[in-house]
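1. Next come a sequence and a model predicted from it.
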Amino acid sequence: MHLDLDAFYAAIEQRDHPEWRGRPLVVGAQPGGRGVVATCSYEARRYGVHSAMPIAQAARRLPPETIYRRPDMARYAEVSQQIMRLLQQLSPLIEQVSIDEAYLDVSGLERLIGTPQQIGERAKALIKDKTGLTASVGIGPNRLIAKLASETSKPDGLRVVEAEQVQAFLDPMPISVLRGVGTKTTPRLLAMGLKTVGDVRHQPLERLRQALGARAGTALHLQARGIADDAVQPVTQRQSISKETTFGEDVTDEQQLRETLHWAAQEVGYLARHQALAGALVTLKLRLQPFETHSRSRTLSQRTASDQLIFQTAWELFASSPWRGRPVRLIGVGLSGWEPAACPTQPDLFAASEPQPSTLTTDKLDQTLDAIRDKLGDGLIQRGVRRS
DNA sequence: TCTGGGGTCCTAGGACCC
DNA sequence: TCTGGGGTCCTAGGACCC
């Protein structure tokens, strides 16, 4: 079963501000600024506005009474957690895939809780009752079908697709509903004369593989037949942590770039330490005119979560890059390459016994800063450190 | 028309090793 | 002087998703 909260950010804003109900509301960038629509209310969607639309374009379509809000992620995350806890009453196997979406394994719960459909109805009722929000639920033999079922039932819907109905359900759908078919692949498939999932299903596997590559071609071939993963995995280890920012106007001043990168490295280091993660790969991300994105990465000899080491590495990558001196639209840094998760037979003895003097001291400094930050609150200490 | 931020996964070339 | 085949790691970029 797949559950998706309807217009999640916008719905929370309208719930908490009754005067905004029934009006077009956009959560995302401010009109006049750089950015996109994160989510918008159904009233705004009537004007053709949708997620990921550039804010300037949205503002041109929307009436003057439209409300524009910056996202309040801490608030949304709170509500999200509350809802995930509610869902635990209905299934022991839940996989949260984003802030507003989760898969539940609802098989074999007939005697304990109910049929999948009953569980879906209870989930919706529970969420409505405790949070005032609406959700859409899709039930199917695997994740792909469940997800498409919830998408086609939006908003506030519930749809069950039985195994025998899968092909009839999929065949008329546009190819863009398939996972991995986005802005680049859609026109390529259209050029091959493939408009619907049914069209893809009738293609020879070889033709798809030749057009899209072995992996993507096979994936499409399987999806068109409704074949997909059905395992719900409650815990998955995250693969990377990153922080990036787009400037209001492109920046050339190196001091400002340096400060921004320093701030980003602090954020990344802080998050990593709080999750007891240390990474060996530092990645610098840059975006230049005209929307040209580049990355430079370096593998360190030791895993780290040190603000200083992350920053120094990222800055070196920038300073030695061929783009130094060009106006920068976006700059950011990422950390990845953790300890391999499952390797119980090969304990990493050296990692614990070879502390590097320089990393150790900066790590210690960072940990002290974390402790202070936790006590005093984020904003205060962040500001102090950022300027140092 | 202008394109956020935080992610995931895949591809492809080159280095390097056996 | 010429030069296979396979595997793994590193790096850069790209497509896609919410």
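-> Okay, I see it.
2. for DNA strand C, what are the nearby residues on chain A?
-> When proximity is defined as C-beta under 7 Å from any atom of the strand, chain A approaches DNA strand C at A:52, A:97-101, A:147, A:178-186, A:281, A:293-299. The way it works is simple: take the backbone N, C-alpha and C, and place the C-beta from them, glycine included.
3. In ChimeraX, select just the buried ones from those residues.
-> To isolate the buried members of the residues of chain A next to DNA strand C in ChimeraX, using 16 or more other C-beta atoms under 10 Å:
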select /A:99,100,101,147,178,181,185,186,281,296,297
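4. Which members of the residues of chain A next to DNA strand C are positioned in strands?
-> A:97-98, A:101, A:281, A:293-299 (DSSP state E).
5. Report the contact partners of the residue nearest to residue A:303 when sequence neighbours are not counted.
-> Excluding the flanking residues, the one nearest residue A:303 by C-beta to C-beta, 6 or more residues apart in numbering is residue A:278, at 3.8 Å. Contacts of residue A:278 were listed using C-beta atoms under 8 Å, 6 or more residues apart in numbering, and they are A:272, A:303-305, A:338-339.
6. Try it again at 7 Å.
-> Shown in contact with residue A:278 (C-beta atoms under 7 Å, 6 or more residues apart in numbering): A:272, A:303-305, A:338.
7. Farthest-apart pair in those, please.
-> The largest separation in the contacts of residue A:278, counting by C-beta to C-beta, is between A:304 and A:338 at 11.0 Å.
8. State the distance from residue A:191 to DNA strand C.
-> Plainly put, residue A:191 is 13 Å away from DNA strand C if you go by C-beta to the nearest atom of the strand, to the nearest Å.
9. And the pLDDT for that residue?
-> Predicted confidence (pLDDT) for residue A:191: 95.
10. swap in residue A:185?
-> 96.
11. And for residue A:235?
-> 89.
12. I'd guess it is in a strand, am I close?
-> No - assessed with DSSP: H, G, I helix; E, B strand; the rest coil, residue A:235 is coil; it does not lie in a strand.
13. Phi and psi next, for the residue lying closest to residue A:252 once chain neighbours are set aside.
-> Once flanking residues are discounted, residue A:252 sits nearest to residue A:327: 5.1 Å by C-beta to C-beta, 6+ apart. When read as degrees, to the nearest 10, the backbone of residue A:327 gives phi -60, psi 140.
14. Need the residues touching each of residue A:304 and residue A:338.
-> With C-beta under 7 Å, 6+ apart, residue A:304 and residue A:338 have common neighbours A:278-279.
15. where does residue A:95 land in three-state SS?
-> Under three-state DSSP, residue A:95 comes out as strand.
16. count of residues packed around it?
-> Residue A:95: 17 surrounding residues under other C-beta atoms under 10 Å.
17. Check residue A:69 too.
-> The number of residues near residue A:69, taken as other C-beta under 10 Å, comes to 18.
18. before we move on, which element is residue A:199 in?
-> helix A:197-201 (DSSP states H and E).
19. and the helix or strand just after that helix, is it in reach of DNA strand B?
-> Once helix A:197-201 ends, the next helix or strand along the chain (criterion: DSSP H and E) is helix A:205-212. No - Helix A:205-212 is not in contact with DNA strand B by C-beta under 7 Å from any atom of the strand; minimum separation 8.4 Å.
20. Now do the helix or strand following helix A:205-212: distance to the chain's middle.
-> Downstream of helix A:205-212, the next assigned helix or strand under DSSP H and E is helix A:214-224. Using C-alpha atoms, centre = their mean, to the nearest Å, the distance from the centre of helix A:214-224 to the centre of the chain it belongs to is 23 Å.
21. Which parts of the next helix-or-strand element following helix A:214-224 count as buried, going by neighbours?
-> Later in the chain than helix A:214-224, the nearest helix or strand by DSSP H and E is strand A:240-251. Neighbour-count burial for strand A:240-251, with 16+ other C-beta under 10 Å as criterion, is recorded at A:241, A:243-244, A:247, A:251.
22. Now the terminal residues of stretch A:53-67, how far apart.
-> 16 Å (C-alpha to C-alpha, to the nearest Å).
23. Could you list the residues in contact with it?
-> A:20, A:23-26, A:28-29, A:31, A:33, A:35-37, A:44, A:47-49.
24. Let me know the average pLDDT across it.
-> 97.
25. same question, stretch A:173-181
-> Rounded mean pLDDT across stretch A:173-181 is 97.
26. Please apply the same query to stretch A:137-157.
-> On average, stretch A:137-157 scores 98.
27. mind exporting that stretch as PDB, just the C-alpha atoms?
-> Extracted as PDB, the C-alpha positions of stretch A:137-157 are listed here (Å, rounded to 0.1, in the frame of the first residue of the first chain):
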ATOM      1  CA  VAL A 137      -4.000   5.700  -0.800                       C
ATOM      2  CA  GLY A 138      -3.200   3.200  -3.500                       C
ATOM      3  CA  ILE A 139      -3.200  -0.600  -3.000                       C
ATOM      4  CA  GLY A 140      -1.600  -3.000  -5.400                       C
ATOM      5  CA  PRO A 141       0.400  -6.100  -5.800                       C
ATOM      6  CA  ASN A 142       3.700  -4.200  -5.800                       C
ATOM      7  CA  ARG A 143       5.100  -0.700  -5.100                       C
ATOM      8  CA  LEU A 144       4.800   0.600  -8.700                       C
ATOM      9  CA  ILE A 145       1.100  -0.300  -8.900                       C
ATOM     10  CA  ALA A 146       0.300   0.900  -5.400                       C
ATOM     11  CA  LYS A 147       2.000   4.200  -6.100                       C
ATOM     12  CA  LEU A 148       0.200   4.700  -9.500                       C
ATOM     13  CA  ALA A 149      -3.000   3.800  -7.800                       C
ATOM     14  CA  SER A 150      -2.600   6.500  -5.200                       C
ATOM     15  CA  GLU A 151      -1.600   9.000  -7.800                       C
ATOM     16  CA  THR A 152      -4.700   8.400  -9.800                       C
ATOM     17  CA  SER A 153      -6.900   8.700  -6.800                       C
ATOM     18  CA  LYS A 154      -5.700  12.100  -5.700                       C
ATOM     19  CA  PRO A 155      -6.800  14.100  -3.800                       C
ATOM     20  CA  ASP A 156      -8.300  12.400  -0.800                       C
ATOM     21  CA  GLY A 157      -8.800   9.100  -2.700                       C
END
